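*Asks:* sequence and predicted structure are below.
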Amino acid sequence: MTFSFNAVLVWLDLAGVFFFAVSGSLLAARKQFDLIGSLLLASLVSLGGGVIRDIILNSGPPAAFTNPAYLAPPLLATVLVYFLFSSFQRFTSLLILFDAGGLALFCITGTLKALSFGMNPVSAVLLGVTTAVGGGLLRDITANEVPQLFDPKDLYALPAFTGAALTTVLWVSGAFNAFTAGAVAAVVFAFRVTAWRRSWYVPLAVRGWHRLGLGTAENGGRD
(Lines give C-alpha, C1' and ligand atoms only; values in the text may rest on other atoms or scores of the structure.)
Protein backbone atom coordinates (compact mmCIF):
# COMPACT_ATOMS: atom_id res chain seq x y z
CA MET A 1 0.00 0.00 0.00
CA THR A 2 2.87 2.37 0.82
CA PHE A 3 4.48 1.60 -2.53
CA SER A 4 1.19 2.29 -4.29
CA PHE A 5 0.79 5.64 -2.52
CA ASN A 6 4.36 6.65 -3.33
CA ALA A 7 3.91 5.63 -6.95
CA VAL A 8 0.73 7.68 -7.31
CA LEU A 9 2.44 10.64 -5.66
CA VAL A 10 5.35 10.45 -8.10
CA TRP A 11 3.08 10.22 -11.14
CA LEU A 12 1.00 13.19 -9.99
CA ASP A 13 4.21 15.08 -9.32
CA LEU A 14 5.58 14.29 -12.79
CA ALA A 15 2.34 15.41 -14.43
CA GLY A 16 2.52 18.69 -12.53
CA VAL A 17 6.16 19.08 -13.54
CA PHE A 18 5.20 18.71 -17.20
CA PHE A 19 2.37 21.25 -17.06
CA PHE A 20 4.53 23.82 -15.31
CA ALA A 21 7.44 23.10 -17.67
CA VAL A 22 5.28 23.87 -20.70
CA SER A 23 4.21 27.17 -19.12
CA GLY A 24 7.87 28.04 -18.60
CA SER A 25 8.84 27.20 -22.18
CA LEU A 26 5.88 29.17 -23.54
CA LEU A 27 6.91 32.22 -21.54
CA ALA A 28 10.50 31.78 -22.72
CA ALA A 29 9.29 31.66 -26.33
CA ARG A 30 7.27 34.84 -25.92
CA LYS A 31 10.30 36.51 -24.32
CA GLN A 32 12.42 35.31 -27.29
CA PHE A 33 14.79 33.27 -25.12
CA ASP A 34 17.03 30.80 -26.89
CA LEU A 35 16.60 27.04 -26.61
CA ILE A 36 18.85 26.73 -23.56
CA GLY A 37 17.03 29.58 -21.85
CA SER A 38 13.73 27.85 -22.57
CA LEU A 39 14.98 24.60 -21.00
CA LEU A 40 16.31 26.40 -17.94
CA LEU A 41 13.11 28.40 -17.40
CA ALA A 42 11.02 25.24 -17.87
CA SER A 43 13.19 23.43 -15.32
CA LEU A 44 13.05 26.32 -12.86
CA VAL A 45 9.28 26.62 -12.82
CA SER A 46 8.58 22.89 -12.87
CA LEU A 47 11.13 21.76 -10.29
CA GLY A 48 11.46 24.83 -8.08
CA GLY A 49 8.35 24.27 -5.98
CA GLY A 50 9.20 20.61 -5.33
CA VAL A 51 12.77 21.47 -4.35
CA ILE A 52 11.51 24.06 -1.86
CA ARG A 53 9.05 21.47 -0.47
CA ASP A 54 11.67 18.77 -0.01
CA ILE A 55 14.14 21.17 1.62
CA ILE A 56 11.50 22.32 4.12
CA LEU A 57 10.58 18.71 4.88
CA ASN A 58 14.26 17.85 5.35
CA SER A 59 13.56 14.65 3.43
CA GLY A 60 17.06 14.30 2.02
CA PRO A 61 18.15 15.41 -1.44
CA PRO A 62 15.16 16.82 -3.38
CA ALA A 63 13.40 14.33 -5.64
CA ALA A 64 14.39 16.40 -8.68
CA PHE A 65 18.03 15.48 -8.01
CA THR A 66 17.57 11.83 -7.06
CA ASN A 67 15.01 10.64 -9.62
CA PRO A 68 16.12 11.11 -13.25
CA ALA A 69 12.47 10.90 -14.36
CA TYR A 70 11.99 14.47 -13.12
CA LEU A 71 14.39 15.74 -15.79
CA ALA A 72 12.32 14.33 -18.68
CA PRO A 73 9.24 16.62 -18.50
CA PRO A 74 11.18 19.92 -18.83
CA LEU A 75 13.14 18.50 -21.75
CA LEU A 76 9.96 17.23 -23.43
CA ALA A 77 8.17 20.54 -22.87
CA THR A 78 11.09 22.49 -24.36
CA VAL A 79 11.13 20.33 -27.49
CA LEU A 80 7.35 20.48 -27.94
CA VAL A 81 7.23 24.26 -27.63
CA TYR A 82 10.21 24.60 -29.98
CA PHE A 83 8.40 22.75 -32.75
CA LEU A 84 4.80 23.75 -32.02
CA PHE A 85 4.87 27.27 -30.60
CA SER A 86 4.29 28.97 -33.97
CA SER A 87 0.92 27.22 -34.21
CA PHE A 88 0.12 28.06 -30.57
CA GLN A 89 0.72 31.80 -30.78
CA ARG A 90 -2.92 32.63 -31.45
CA PHE A 91 -3.98 30.93 -28.19
CA THR A 92 -3.18 33.65 -25.67
CA SER A 93 -4.63 31.63 -22.79
CA LEU A 94 -2.40 28.59 -23.37
CA LEU A 95 0.18 29.58 -20.78
CA ILE A 96 -2.54 30.14 -18.18
CA LEU A 97 -4.09 26.75 -18.89
CA PHE A 98 -0.83 24.85 -18.43
CA ASP A 99 0.05 26.91 -15.39
CA ALA A 100 -3.36 26.13 -13.89
CA GLY A 101 -2.79 22.43 -14.51
CA GLY A 102 0.54 22.52 -12.70
CA LEU A 103 -0.95 24.55 -9.86
CA ALA A 104 -3.83 22.06 -9.44
CA LEU A 105 -1.52 19.05 -9.21
CA PHE A 106 1.26 20.58 -7.11
CA CYS A 107 -1.05 21.87 -4.39
CA ILE A 108 -2.20 18.25 -3.99
CA THR A 109 1.21 16.56 -4.09
CA GLY A 110 2.82 19.13 -1.83
CA THR A 111 0.08 18.70 0.76
CA LEU A 112 0.14 14.90 0.53
CA LYS A 113 3.88 14.71 1.01
CA ALA A 114 3.70 17.04 4.00
CA LEU A 115 0.95 14.94 5.59
CA SER A 116 2.84 11.72 4.92
CA PHE A 117 5.82 13.18 6.79
CA GLY A 118 3.64 13.82 9.83
CA MET A 119 3.10 17.57 9.53
CA ASN A 120 -0.04 18.95 11.14
CA PRO A 121 -2.93 19.87 8.80
CA VAL A 122 -2.36 23.64 8.88
CA SER A 123 1.34 23.29 8.11
CA ALA A 124 0.56 20.77 5.38
CA VAL A 125 -1.81 23.23 3.69
CA LEU A 126 0.81 25.97 3.83
CA LEU A 127 3.46 23.70 2.35
CA GLY A 128 1.05 22.57 -0.36
CA VAL A 129 0.48 26.19 -1.35
CA THR A 130 4.21 26.91 -1.24
CA THR A 131 4.86 23.95 -3.52
CA ALA A 132 2.19 25.11 -5.95
CA VAL A 133 3.15 28.79 -6.23
CA GLY A 134 6.90 28.58 -5.66
CA GLY A 135 7.89 27.55 -9.17
CA GLY A 136 5.65 30.11 -10.84
CA LEU A 137 7.10 32.85 -8.66
CA LEU A 138 10.65 31.88 -9.66
CA ARG A 139 9.63 31.70 -13.33
CA ASP A 140 8.08 35.16 -13.42
CA ILE A 141 10.92 36.83 -11.53
CA THR A 142 13.54 35.22 -13.77
CA ALA A 143 11.63 36.28 -16.92
CA ASN A 144 11.27 39.84 -15.56
CA GLU A 145 7.49 39.53 -15.34
CA VAL A 146 5.19 40.75 -12.58
CA PRO A 147 4.67 37.54 -10.59
CA GLN A 148 1.14 36.20 -10.96
CA LEU A 149 1.22 35.61 -7.21
CA PHE A 150 1.30 39.39 -6.64
CA ASP A 151 -0.89 40.51 -9.52
CA PRO A 152 -3.73 42.56 -7.94
CA LYS A 153 -6.00 41.77 -10.89
CA ASP A 154 -5.70 38.00 -10.64
CA LEU A 155 -6.17 35.09 -8.23
CA TYR A 156 -3.25 32.69 -7.92
CA ALA A 157 -2.65 31.60 -4.36
CA LEU A 158 -6.35 31.29 -3.45
CA PRO A 159 -7.05 28.35 -5.81
CA ALA A 160 -3.94 26.63 -4.42
CA PHE A 161 -5.19 27.21 -0.85
CA THR A 162 -8.53 25.70 -1.84
CA GLY A 163 -6.89 22.59 -3.30
CA ALA A 164 -4.51 22.14 -0.37
CA ALA A 165 -7.33 22.53 2.16
CA LEU A 166 -9.60 20.07 0.34
CA THR A 167 -6.76 17.55 0.09
CA THR A 168 -6.09 17.84 3.82
CA VAL A 169 -9.75 17.42 4.74
CA LEU A 170 -10.04 14.34 2.52
CA TRP A 171 -6.83 12.85 3.93
CA VAL A 172 -7.81 13.40 7.57
CA SER A 173 -11.30 12.00 6.98
CA GLY A 174 -9.92 8.95 5.17
CA ALA A 175 -11.76 9.82 1.96
CA PHE A 176 -8.73 10.61 -0.19
CA ASN A 177 -8.37 8.36 -3.23
CA ALA A 178 -7.72 8.62 -6.95
CA PHE A 179 -11.27 9.78 -7.67
CA THR A 180 -11.33 12.51 -5.02
CA ALA A 181 -7.83 13.61 -6.01
CA GLY A 182 -9.05 14.07 -9.58
CA ALA A 183 -12.05 16.02 -8.32
CA VAL A 184 -9.83 18.35 -6.27
CA ALA A 185 -7.53 18.93 -9.25
CA ALA A 186 -10.54 19.73 -11.43
CA VAL A 187 -11.90 22.20 -8.88
CA VAL A 188 -8.57 24.02 -8.57
CA PHE A 189 -8.06 24.11 -12.34
CA ALA A 190 -11.57 25.45 -12.95
CA PHE A 191 -11.23 27.99 -10.12
CA ARG A 192 -7.92 29.31 -11.46
CA VAL A 193 -9.04 29.56 -15.10
CA THR A 194 -12.45 31.03 -14.27
CA ALA A 195 -10.88 33.62 -11.98
CA TRP A 196 -8.52 34.63 -14.77
CA ARG A 197 -11.23 34.83 -17.43
CA ARG A 198 -13.67 36.75 -15.24
CA SER A 199 -11.02 38.96 -13.59
CA TRP A 200 -11.89 37.89 -10.06
CA TYR A 201 -9.74 39.44 -7.37
CA VAL A 202 -9.51 40.08 -3.64
CA PRO A 203 -9.54 43.58 -2.06
CA LEU A 204 -6.36 45.61 -2.13
CA ALA A 205 -4.21 46.00 0.97
CA VAL A 206 -5.75 49.42 1.80
CA ARG A 207 -9.50 50.01 1.80
CA GLY A 208 -10.63 52.70 -0.60
CA TRP A 209 -7.83 52.13 -3.12
CA HIS A 210 -8.79 51.11 -6.63
CA ARG A 211 -6.93 49.11 -9.23
CA LEU A 212 -7.42 51.83 -11.81
CA GLY A 213 -6.16 55.25 -10.80
CA LEU A 214 -4.16 53.95 -7.83
CA GLY A 215 -1.85 56.93 -8.02
CA THR A 216 -4.82 59.30 -7.61
CA ALA A 217 -5.90 57.44 -4.50
CA GLU A 218 -2.38 57.71 -3.11
CA ASN A 219 -2.20 61.44 -3.78
CA GLY A 220 -5.61 61.95 -2.24
CA GLY A 221 -4.46 60.13 0.84
CA ARG A 222 -1.48 62.48 1.22
CA ASP A 223 -3.65 65.56 0.90
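*Replies:* Thanks, I have it.
*Asks:* switch to C-alpha atoms for all contacts and neighbour counts from now on
*Replies:* OK.
*Asks:* gap between T142 and A100?
*Replies:* Distance of T142 to A100, given as C-alpha to C-alpha, to the nearest Å: 19 Å.
*Asks:* more neighbours: the two, which one.
*Replies:* More crowded of T142 and A100, by other C-alpha atoms under 10 Å: A100, with 29 against 13.
*Asks:* skipping adjacent residues, who's closest to that one in space?
*Replies:* Closest residue in space to A100, ignoring its immediate chain neighbours: F189 at 5.3 Å, by C-alpha to C-alpha, 6 or more residues apart in numbering.
*Asks:* wouldn't the one you found be in contact with I108 here?
*Replies:* No. Counting by C-alpha atoms under 8 Å, F189 does not reach I108; the two are 11.8 Å apart.
*Asks:* higher neighbour count, these two?
*Replies:* I108 (33 against 24).
*Asks:* how about the more buried one, secondary structure?
*Replies:* At I108 the chain is in helix, as set by DSSP: H, G, I helix; E, B strand; the rest coil.
*Asks:* quick one: pLDDT of it?
*Replies:* Looking at I108, its pLDDT stands at 96.
*Asks:* what are the ranges of the helices in the chain?
*Replies:* For the chain, the helices defined by DSSP state H cover 2-30, 35-57, 63-66, 72-88, 94-116, 121-142, 157-173, 178-198, 214-222.
*Asks:* L57 and V146: what is the separation?
*Replies:* Taking C-alpha to C-alpha, one finds L57 at 29 Å from V146.
*Asks:* which secondary element of the chain has the worst mean pLDDT?
*Replies:* Least confident helix or strand, the chain: helix 214-222 with a mean of 42, by mean pLDDT, DSSP states H and E.
*Asks:* where does pLDDT dip in this protein?
*Replies:* In the predicted model of the chain, residues 1-5, 87-92, 211-223 satisfy pLDDT under 70.
*Asks:* count residues in the vicinity of Q32, would you?
*Replies:* Q32 has 11 nearby residues by other C-alpha under 10 Å.
*Asks:* for V184, same thing?
*Replies:* Counted by other C-alpha under 10 Å, the residues lying close to V184 total 24.
*Asks:* find the nearest non-adjacent residue to T168, please.
*Replies:* T168 sits nearest to P121 (C-alpha to C-alpha, 6+ apart), 6.2 Å away.
*Asks:* coming back round to it: would you mind measuring from the residue nearest to A100 to W171?
*Replies:* 20 Å.
*Asks:* grab the nearest non-local neighbour of I141.
*Replies:* I141 sits nearest to P147 (C-alpha to C-alpha, 6+ apart), 6.4 Å away.
*Asks:* hmm, D140 and that neighbour touching each other?
*Replies:* Yes. Using C-alpha under 8 Å, P147 is in contact with D140, at 5.0 Å.
*Asks:* residues touching the closest residue to G24 other than its chain neighbours, list them.
*Replies:* In space, G24 comes closest to A42 once its chain neighbours are excluded; the distance is 4.3 Å by C-alpha to C-alpha, 6+ apart. By C-alpha atoms under 8 Å, 6 or more residues apart in numbering, the contact list for A42 reads F20, A21, V22, S23, G24, S25, P74, A77, T78.
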